[in-house]
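Asker: here is my input, please return the structure:
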Amino acid sequence: MKNKKQTFVGVLLAVSLTVLILDSQTSLQGARDGIWLCISVVIPSLYPFLFLSAMLPSRLLGTRIKGIGLVCRLCGIPDGAESLLLLSFLGGYPIGAKMVYDAYRQGCISKPAACRMLGFCNNAGPAFLFGMIGGLFTDKKIVWVLWLIHILSALLVGVLLPGKTSETCILTRKEPLTVPQALESSLKTMGNICGWVVIFRVILTILDRWLLWFLSQEIYAGIFGLFELSNGIACLNKVANDATRFVLCSGMLAFGGLCVFMQTASVTKELGLGRYFPGKVLHCLFSILLSLLFVQLFSI
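Answerer: This is a model prediction of the structure:
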């Protein structure tokens, strides 16, 4: 089975390389577009937030947060691991997943609890929301609404996912990062994000030329978001209807896309993603439903 998988991956890579050679101009244009998206939007929007976010987790991890104790119990989070839930909403993809994995590796939470928490403790953070999405809507309060829907939907997933435990954990506090350490960490994160943005932009540009050119802007943006979140959000500028843009944006943020899926897999290792994918699908579904309700009630 493993050999078949390796063969399939090898064939896929060979085909991809052939496509890049035969349609080099399209791939070059995709790379240029991806780099320009990083320089003009992604880096200016995200980097200041990433720098501050890099300093935050080390100051909160291991802190008991009594104010959200009831919410954590409803979501089945082990007693003492409240900071993991809070950091999942503040750190952004895939910081939440990494924090859960680190807690598991330290022996602070069991493997079943960690696997379950991956389903709702890996979320878009304020850096991405307020950095990338603010320009999509004339009313800046819409970003706050999107973040609230994102949080509520994730908590609903936490309440509904099966397999809750009643264990107690003690998370070890870490030394806070210094400013130079935060700078180095945020630069690495920014480089990782930009690398994926460029790679997926190349893929999407080739798909756009050969397969996606006839689609409506709404479906087009949705497919881009399914692959990579930053590219999908960038495509929402072409969606004329505010309500449609709002609902699509909410769904994209919740699902995260294939790129976030791969980033999460890289930091969770032996935990696997058995609960992560169903959790993200549910998160996306709840976000879309709550967004549709908001649109109906307030007519944005």
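Asker: what are the buried residues along the longest helix along the chain?
Answerer: When secondary structure is assigned using DSSP state H, the longest helix within the chain turns out to be helix 179-207. Using 16 or more other CB atoms under 10 Å as the test for burial, helix 179-207 gives 182, 185-186, 189-190, 193-194, 196-207. Where C-beta positions appear, they are placed from N, C-alpha and C, glycine not excepted.
Asker: give me the helices and strands touching it, please.
Answerer: Where contact means 3 or more CB pairs under 8 Å, 6 or more residues apart in numbering; DSSP states H and E, helix 179-207 is packed against helix 24-37, helix 43-55, helix 217-227, helix 229-235, helix 257-268.
Asker: secondary structure class for residue 164?
Answerer: The three-state label given to residue 164 by DSSP: H, G, I helix; E, B strand; the rest coil is coil.
Asker: need the contact list for it.
Answerer: By CB atoms under 8 Å, 6 or more residues apart in numbering, the residues touching residue 164 are 76, 116.
Asker: what's it sitting at in phi/psi?
Answerer: Residue 164 has phi and psi values of phi -60, psi 150 when expressed as degrees, to the nearest 10.
Asker: would you agree residue 35 is in contact with residue 202?
Answerer: No. Shown here, residue 35 and residue 202 do not form a contact pair, counting by CB atoms under 8 Å, at 10.3 Å.
Asker: restrict the helix or strand where residue 130 lies to CA atoms and write it as PDB.
Answerer: Using DSSP states H and E, residue 130 falls within helix 126-132. Only the C-alpha atoms of helix 126-132 are listed here, as PDB (Å, rounded to 0.1, in the frame of the first residue of the first chain):
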ATOM      1  CA  PRO A 126      -7.500  38.300  14.400                       C
ATOM      2  CA  ALA A 127      -4.300  38.900  12.400                       C
ATOM      3  CA  PHE A 128      -5.800  37.300   9.300                       C
ATOM      4  CA  LEU A 129      -9.400  38.700   9.900                       C
ATOM      5  CA  PHE A 130      -8.500  42.300  10.500                       C
ATOM      6  CA  GLY A 131      -5.500  42.300   8.300                       C
ATOM      7  CA  MET A 132      -6.900  40.600   5.200                       C
END
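Asker: what comes into contact with the helix or strand following it?
Answerer: Read in the C-terminal direction, the helix or strand following helix 126-132 is helix 141-160, with elements assigned using DSSP H and E. Helix 141-160 is contacted by residues 71, 74-77, 85, 88-89, 119-121, 123-124, 126, 129-130, 133-134, 136-137, 246, 249-250, 253-254, 279, 282-283, 286-287, 290-291, 294, 300 when judged by CB under 8 Å, 6+ apart.
Asker: so which of the residues you listed are in helices?
Answerer: Filtering the contacts of helix 141-160 for helices - DSSP H - leaves 71, 74, 85, 88-89, 126, 129-130, 246, 249-250, 253-254, 279, 282-283, 286-287, 290-291, 294.
Asker: relative to residue 136, how far out is residue 239?
Answerer: Between residue 239 and residue 136 the distance is 9 Å, computed by CB to CB, to the nearest Å.
Asker: which neighbours do these two share?
Answerer: residue 245.
Asker: show the contacting residues for the nearest residue to residue 97 once chain neighbours are set aside.
Answerer: Distances taken as CB to CB, 6 or more residues apart in numbering put residue 122 closest to residue 97, at 4.1 Å, once the chain neighbours are dropped. When contacts are counted by CB under 8 Å, 6+ apart, residue 122 is found next to 88, 93-97, 100, 256, 260, 264, 276.
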